[in-house]
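**Student:** dropping a prediction and its sequence here:
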Amino acid sequence: MPDYAYKPMGTHESALGFVRWAMVVVSLGGAAQAAEQSQSRAEIERTVARLLASDRAPEAAAVLEEFLKTNPADPQILFDASRVSARMGDPRRSASYAIEALRAGWMDDKALDEHPDLASARGHESWEQVVKIRLDLRATGPAPDPARVPGSTREECELGPSATARTSLSAWLDRFGGGRYRIEPAARLNLLVASSIDREGLDRTLAMLAKLADALTQTLLERTPEQAVLLVIATPTDAQAYFKDPQQAGLYEHRLRQLVVRDTGSTLRHEYTHAIHHGHMERLGQRHPLWIQEALATLFEDWERGPNNEVVLKPNLRTNEAYELVRKRKDLPWTEFVALDDAAFMTAAVDHYAQARSMLLYAAEMGKLQEWYRALTKGFGTDPTGRRALEQVFSAPIGRIEEQWRAWVMDRGKIDATLADGDGVMGISVSGVADGVHIDSVQAGGPAQRAGLREGDVIVQIDATEIRSAGDFLVASARRNAGESLAVRFRRGQIYGTIQVRLASGHASPS
């Protein structure tokens, strides 16, 4: 989608002019028209968020009303119109939009009951009709399928079978709703998405997942699952309540067709790989051992396209963990490792994840990964552990393959993910959030402050590298020299910008 520059609009009419310009749809046929509408909807969401952040509710209302002329049954936009009407002091119109949103399939009851923008409308007599109609709709059966977006083509916007994903979405909204999530399908990925991040962040995330899906289906797993999967990009508060382990960043539950993440970086790539792999196992009627499931998921945490469009699997922080395991001779012999049951594998999860990834990364670099996976699935009934498939494709006993792997690990070494004396630094401390890293503090007079970064900004990209987690930031920041200039893209509220930061000399933290 074009990255249109945002220019403040001073009047109600200028807002309408923008919408009419953004929504021009030439006669290019159904699919092209749907794509243009989808793009304009994303731009509308960005514009409305910016206008509301500037307390320009009348202009936001004009934008929404114009969009609804051609997309009258979009539940999210109808709900937004209800919020904006309430903020403008029009509770009757707010109630009318809320009712239309419910009839169009709005599912987030907590948003209607708790969203602060609707507080004034909820106190008005007209809101009683909203409550009544909602009760009637809930009593007569399930809401319309939110996997369907009115105004778009069936081919582009309908998911595969989505009953389980929709049930999981209803349960999530019952617990964590309240208007914090925007619900939409991503049919290309067969995902039903509940997102807590802004439009640009979500667009970048879905584009990343589309590339990952292509890589996975091109190399190993054939296609995305037949049944739709719910993807929840959770708010920090909801993630804290949902995950039992505060260190856990993501979870895919196949029986629920539900994938929940804190960040949209390696965690999401890991869990989405699980979802596609589970779909493939289901089609095959196989359940691969946990070491294989986690090896594949960790393998695609970090990858890129090579010069000939081939899939290149990259070393990451788990590479360093595997190196230390081998150096200290704490890795498990492969004969034991491939035979671990689920419980035994999880007793030392960090170590076992690192070893599993390293084993398959070695197979990939030797050109054996695809051949091994095909041998595994073909001979699964005889040997489900993957050992025989390894010996078959390497034409060697497993002990000899292990020896070669250990030598390869030591020869490859570790990636640089540390700050040494003299390395370039920005002068900030950060923590991970869903769409990047949050700047927690800025050194007075340091490079970041001089460039214009502030506490509270969210860094989403450094040079050509997208930043989606604290780990991404760590790797992208390592090995930088004092005096080097970085292009840093950041989000400040709903507004994005890019600045140049000239690094200063840093000092290693004491060990």
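**Tutor:** Perfect, thanks for sending it.
**Student:** domain-wise, how is this structure divided?
**Tutor:** Under the assignment automatic domain parsing, the domains of the chain span 12-143, 159-285, 293-415, 424-505.
**Student:** who are the contact partners of F345?
**Tutor:** Taking Cβ atoms under 8 Å, 6 or more residues apart in numbering as the criterion, F345 is in contact with 289-291, 294, 352. Just so you know, the C-beta spots here come from the backbone N, C-alpha and C atoms, and that holds for glycine as well.
**Student:** top of those by neighbour count?
**Tutor:** W291 (25 neighbours; other Cβ atoms under 10 Å).
**Student:** would you mind measuring from it to R374?
**Tutor:** Distance from W291 to R374, counting by Cβ to Cβ, to the nearest Å: 18 Å.
**Student:** now swap in T235 and tell me
**Tutor:** In terms of Cβ to Cβ, T235 sits 41 Å off from R374.
**Student:** and these two? Which one has more around it.
**Tutor:** T235 (19 against 13).
**Student:** what's the closest non-adjacent residue to that one?
**Tutor:** S196 (4.5 Å; Cβ to Cβ, 6 or more residues apart in numbering).
**Student:** just the pLDDT for the one you found.
**Tutor:** For S196, the pLDDT comes out at 89.
**Student:** surely it touches Y181?
**Tutor:** Yes. Proximity of S196 to Y181 meets the contact threshold set by Cβ atoms under 8 Å, at 5.7 Å.
**Student:** between the two, who's got more neighbours?
**Tutor:** Ranked by neighbour count (other Cβ under 10 Å), S196 and Y181 place Y181 first, with 25 against 21.
**Student:** thought that one was touching A194?
**Tutor:** Yes. Using Cβ under 8 Å, Y181 is in contact with A194, at 4.2 Å.
**Student:** which residues are in contact with each of those two?
**Tutor:** With Cβ under 8 Å, 6+ apart as the test, Y181 and A194 both reach 172-173, 232.
**Student:** let's see which of the residues you listed end up in strands.
**Tutor:** Those of the shared contacts of Y181 and A194 mapping onto strands are V232, per DSSP state E.
**Student:** among the shared contacts of Y181 and A194, which one lies nearest to E59?
**Tutor:** L173 (29.5 Å; Cβ to Cβ).
**Student:** you'd agree the closest one is up against M107?
**Tutor:** Yes. With contact defined as Cβ under 8 Å, L173 counts as touching M107 (5.6 Å).
**Student:** so for the two, which sits in the more crowded spot?
**Tutor:** M107 (24 against 20).
**Student:** A194 in helix, strand or coil?
**Tutor:** Assigned by DSSP: H, G, I helix; E, B strand; the rest coil, the conformation of A194 is strand.
**Student:** what's near enough to touch it?
**Tutor:** A194 sits in contact with 169, 172-173, 181-183, 230-233, where contact means Cβ under 8 Å, 6+ apart.
**Student:** who's it bridged to?
**Tutor:** I183, V232 (DSSP bridges).
**Student:** and the spatially closest residue to Q240 that is not a sequence neighbour, how many residues sit next to it?
**Tutor:** Using Cβ to Cβ, 6+ apart and skipping the chain neighbours, the partner closest in space to Q240 is P246 (7.1 Å). The burial count assigned to P246 is 8, neighbours taken as other Cβ under 10 Å.
**Student:** pLDDT at P246, what is it?
**Tutor:** 85.
**Student:** quick check: it touching P236?
**Tutor:** No. Counting by Cβ under 8 Å, P246 does not reach P236; the two are 11.3 Å apart.
**Student:** what's the first-to-last distance across stretch 380-396?
**Tutor:** 19 Å (Cα to Cα, to the nearest Å).
**Student:** any buried residues in it, and which?
**Tutor:** 380, 383-394 (16 or more other Cβ atoms under 10 Å).
**Student:** ditto for stretch 235-243
**Tutor:** Buried, per 16+ other Cβ under 10 Å, within stretch 235-243: 235, 238-239, 242-243.
**Student:** who's in contact with stretch 81-94?
**Tutor:** Stretch 81-94 is contacted from outside by 48, 52, 57-58, 60-61, 64-65, 68, 95, 97-98, 101, 115, 117-121, 123-124, 126-127, 179, using Cβ under 8 Å, 6+ apart.
**Student:** distance check, A163 against R103.
**Tutor:** Distance from A163 to R103, by Cβ to Cβ: 21 Å.
**Student:** quick one: which of these two has more around it?
**Tutor:** Neighbours per residue (other Cβ under 10 Å) separate A163 from R103, with R103 holding more: 16 against 13.
**Student:** distance check, G367 against R318.
**Tutor:** Taking Cβ to Cβ, one finds G367 at 21 Å from R318.
**Student:** number of residues surrounding R138?
**Tutor:** Counted with other Cβ under 10 Å, R138 comes out at 13.
**Student:** for it, give its distance to S170.
**Tutor:** Taking Cβ to Cβ, one finds R138 at 10 Å from S170.
**Student:** thinking again about what came up before, which of the buried residues of stretch 380-396 lies closest to M208?
**Tutor:** G386 (28.6 Å).
**Student:** against P225, how distant is the closest one?
**Tutor:** Taken as Cβ to Cβ, the span from G386 to P225 is 22 Å.
**Student:** go on, R287?
**Tutor:** Distance, R287 to P225, by Cβ to Cβ: 15 Å.
**Student:** next: S120.
**Tutor:** From S120 to P225 the distance is 44 Å (Cβ to Cβ).
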